[in-house]
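*Asks:* Just to be clear, the model below is a prediction. Sequence and coordinates:
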Amino acid sequence: MSDPHPARLSDKEDKRTFLQKLAEFIHPGPDSTDELIETLAEAEDNKIIGTESRLMLEGVIRMADMTAGDVMVPATRMDLINIQAPMDDVLYAVIDTAHSRFPVYEGERENIIGILMAKDLLKLQRAPELNIRALLRPAVFVPETKGLNDLLRDFRGNRNHLAIVIDEFGRVAGLITIEDVLEQIVGEIEDEFDIAEDEGDIFALADRTFRVSGDTPIERVNDAFSVALNAADPEDQFDTIGGLIAHEMGHVPKRGERHTLGGLDFVVLHTKGGAVKWFKVSPTPTAAP
């Protein structure tokens, strides 16, 4: 026989107290992501959570709607290794880019056959009979539409920290790392070349050269070195020294590349995501006092 009072069962399953129900009636919870983020901002204002906690929680919330295609490194900026390349070229690429993992291709760049760990190259010192092909690890492929939450779960589960992103036609669209995903939560993960913004962007080095951040305003560089840097074409306008140098070089700068402009010699020290993080700058011999 059916229960003549089905509502009573739901009442038993509802563990909320009368006061909790009354509080939720008076102050209903957020109905959208934007309202939830506003609630977090209110919690910060009321000293319930700190600023860093709020930012991380917002990152987690926003990440739920993001996909691999939103944060991947585009294929045009991927640093790849050709399986047929001489060992000296491979070692140069590893040292030049300073990555820990490299997609390896055979024939066309679209044909990714595995992932090379930079640390695995040390095995060649003790076992010269090995070759790069023997060191390759399986490549993981994910669609552009894969959610970041699911991707992070996969990274943690299979211990792979890099995945190749494929578009809807099966072509390589880019790559994504666990660092790219985590940065959506905690912000940019600093490395040995990164410093806090409030500590400056131009530093004097012991060899009388300077380390200059790629996002330093061009006007600041001009003032610091008493130069007048500008694009060769007056119609081209740039705000940062990194953007100007990349434009003048005509391609995405790579670590170790050198370019001279306006009496200054720029050497690329470090790049990230296709942008120059740091230059080593010195006056050219003719411009030096």
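*Replies:* All right, it came through fine. Numbers count the residues shown, from 1 in each chain.

*Asks:* Could you use CA atoms for every contact and neighbour count after this?
*Replies:* Will do.

*Asks:* Which parts of the chain are strands?
*Replies:* Ranges of strands within the chain are 73-74, 81-82, 101-105, 112-117, 141-143, 162-166, 172-177, 202-204, 210-213, 258-261, 264-272, 275-283, based on DSSP state E.

*Asks:* Check which helices and strands the last one is in contact with.
*Replies:* Counting contacts by 3 or more CA pairs under 8 Å, 6 or more residues apart in numbering; DSSP states H and E, the secondary-structure elements packed against strand 275-283 are strand 210-213, helix 241-249, strand 264-272.

*Asks:* other SSEs contacting the first one?
*Replies:* Meaning strand 210-213. Counting contacts by 3+ CA pairs under 8 Å, 6+ apart, strand 210-213 packs against strand 202-204, strand 275-283.

*Asks:* List the contacts of that strand.
*Replies:* Applying CA atoms under 8 Å, 6 or more residues apart in numbering, the set of residues contacting strand 210-213 from outside is 201-205, 242, 276-282.

*Asks:* Turn the residues you listed into CSV, including pLDDT, distance to I112 and neighbour count.
*Replies:* Formatted as CSV, the contacts of strand 210-213 follow (pLDDT from 0 to 100; distance: CA to CA, whole Å; neighbours: other CA atoms under 10 Å):
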residue, pLDDT, distance to I112, neighbour count
D201, 80, 38, 18
I202, 85, 40, 19
F203, 84, 40, 14
A204, 80, 42, 13
L205, 73, 41, 11
G242, 91, 31, 24
V276, 87, 26, 23
K277, 85, 28, 20
W278, 86, 30, 26
F279, 90, 32, 25
K280, 89, 34, 21
V281, 92, 37, 25
S282, 90, 40, 21
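
*Asks:* Pipe these into a markdown table and attach distance to T260 per row.
*Replies:* As requested, the contacts of strand 210-213 are arranged in a markdown table below (distance: CA to CA, whole Å):
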| residue | distance to T260 |
| --- | --- |
| D201 | 20 |
| I202 | 18 |
| F203 | 19 |
| A204 | 19 |
| L205 | 19 |
| G242 | 13 |
| V276 | 15 |
| K277 | 18 |
| W278 | 15 |
| F279 | 12 |
| K280 | 12 |
| V281 | 10 |
| S282 | 10 |
